[in-house]
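Student: The amino acid sequence is not available; the structure is as follows:
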């Protein structure tokens, strides 16, 4: 838990949820905080440095090694696959998809390219690098207004803006570039927003109950996600036919991206058609998070959910 991104504190909360609910009669569970300056195992507020040669630590002259890593790091280096490549080199199983799939899904532009190639509807978007020349008139002509400006590689709605007027576009671009050197500018889709969790459960792709998101704010931003500024309805109050189409699309996205572990993807339902927005491969696991709500609605306790993730680790 932890990591190097703006989501450090949220990750600690997610990790603590996992610590609380993993069955202690079956597993010896340790919290490992990943920080830029050091990696430490934390036991009763005492810190034990991690030996990066084999991801172990020493406590009372006893060397502790790990059978499985539960990845609860939002952002870099957990959600983008960087630390998972290290675990895979060491041969330590982890609960996420393989490092290359995590790197793919953390990159919104690359994920959209794959999803679109399979005919799955998405919003129109353009990609900008920090060194690119920016023509605001051309962007508005291609994407239209309102539009969304978002970092290409960031989570928890950090750096995202909804832009209604061309004069707001450059400040929104500057804000997104503070989070990442690559950004996406995406057309606004008028429709209902839903979030769909998909997991590998007992070896099979399982779609969790759909959540509809009704934000008190202009869109599902950080406040809406974590500070109670949204209504989240699980299961979503949509027709059986639309729910079936949305579940089918969500399962297809998970499978065409060749994923493993837990995921939560966002869709806009436009005239009965689910449009894929993005996917989160380390969804929030705090009390305020959508993914645990969906698991509970599916009849899975958090203990069952997390134990399954450990058993499915690869």
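Tutor: Received it, and whenever you're ready, just let me know what you need. Given the structure is predicted, the values throughout are model-derived calculations rather than measurements.
Student: any idea how far the closest residue to residue 84 other than its chain neighbours is from residue 48?
Tutor: Spatial nearest neighbour of residue 84, chain neighbours left out: residue 99 (4.0 Å); criterion: CB to CB, 6 or more residues apart in numbering. Every C-beta, even on glycine, is put in place using the N, C-alpha and C of the backbone. For residue 99, the distance to residue 48 equals 26 Å [CB to CB, to the nearest Å].
Student: Go ahead and flag the most central residue of the protein.
Tutor: residue 280 (2.2 Å; CA atoms, centre = their mean).
Student: What's opposite the nearest residue to that one once chain neighbours are set aside in the beta bridge?
Tutor: Excluding its sequence neighbours, the residue lying closest to residue 280 (CB to CB, 6+ apart) is residue 264, at 4.9 Å. Residue 264 has these beta-bridge partners by DSSP bridges: residue 197, residue 280.
Student: is it true that residue 264 touches residue 195?
Tutor: Yes. At 5.8 Å, residue 264 counts as touching residue 195 under the criterion of CB atoms under 8 Å.
Student: Quick one: residues contacting the residue nearest to residue 280.
Tutor: 195, 196, 197, 198, 279, 280, 283, 290, 291, 294 (CB atoms under 8 Å, 6 or more residues apart in numbering).
Student: State the pair within those that is farthest apart.
Tutor: 279 and 294 (14.4 Å; CB to CB).
Student: in what helix or strand does residue 195 lie?
Tutor: Per DSSP states H and E, residue 195 falls inside strand 192-201.
Student: Report all helices and strands that that strand contacts.
Tutor: strand 204-207, strand 211-215, helix 240-256, strand 263-270, helix 290-297, helix 302-311 (3 or more CB pairs under 8 Å, 6 or more residues apart in numbering; DSSP states H and E).
Student: Contacts for the third one next, please.
Tutor: Put plainly, it is helix 240-256. 114-115, 118, 120, 194, 196, 198, 205, 207, 210, 235-236, 238, 263, 265, 267, 269, 272-274, 276, 279.
Student: and what of the last one?
Tutor: The contact list for helix 302-311 (CB under 8 Å, 6+ apart) reads 17-18, 21-23, 26-27, 68, 70, 95, 199, 201-202, 261-262, 292, 295-296, 300.
Student: List buried residues within those residues.
Tutor: When the contacts of helix 302-311 are checked for burial by 16 or more other CB atoms under 10 Å, the buried set is 17-18, 21-22, 68, 70, 95, 199, 201, 261-262, 292, 295, 300.
Student: Mind putting those into a markdown table with distance to residue 5?
Tutor: Below are these laid out as a markdown table (distance: CB to CB, whole Å):
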| residue | distance to residue 5 |
| --- | --- |
| 17 | 18 |
| 18 | 18 |
| 21 | 24 |
| 22 | 24 |
| 68 | 23 |
| 70 | 18 |
| 95 | 19 |
| 199 | 23 |
| 201 | 28 |
| 261 | 19 |
| 262 | 18 |
| 292 | 21 |
| 295 | 24 |
| 300 | 28 |
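Student: and which of those is nearest to residue 4?
Tutor: Of the buried ones among the contacts of helix 302-311, the one sitting nearest to residue 4 (CB to CB) turns out to be residue 70, at 18.3 Å.
Student: show me the contacts for the residue nearest to the closest one when sequence neighbours are not counted.
Tutor: Once flanking residues are discounted, residue 70 sits nearest to residue 95: 5.0 Å by CB to CB, 6+ apart. Residue 95 makes contacts with 68, 69, 70, 71, 261, 262, 309, 310, 312, 313, as judged by CB under 8 Å, 6+ apart.
Student: can we see that at 10 Å?
Tutor: By CB atoms under 10 Å, 6 or more residues apart in numbering, the contact set of residue 95 is 18, 68-72, 84, 200, 260-262, 282, 306, 308-314.
Student: Next one: it from residue 285, what distance?
Tutor: 11 Å.
Student: Touching both of these two, which residues are there?
Tutor: With CB under 10 Å, 6+ apart, residue 95 and residue 285 have common neighbours 18, 72, 262, 306.
Student: how about a markdown table for those, with pLDDT and distance to residue 174 added?
Tutor: Listed next are those as a markdown table, based on pLDDT from 0 to 100; distance: CB to CB, whole Å:
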| residue | pLDDT | distance to residue 174 |
| --- | --- | --- |
| 18 | 97 | 36 |
| 72 | 98 | 31 |
| 262 | 95 | 33 |
| 306 | 96 | 39 |
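Student: Buried ones among the contacts of residue 95?
Tutor: Buried among the contacts of residue 95 by 16+ other CB under 10 Å: 18, 68-72, 84, 200, 260-262, 282, 306, 308-310, 312-313.
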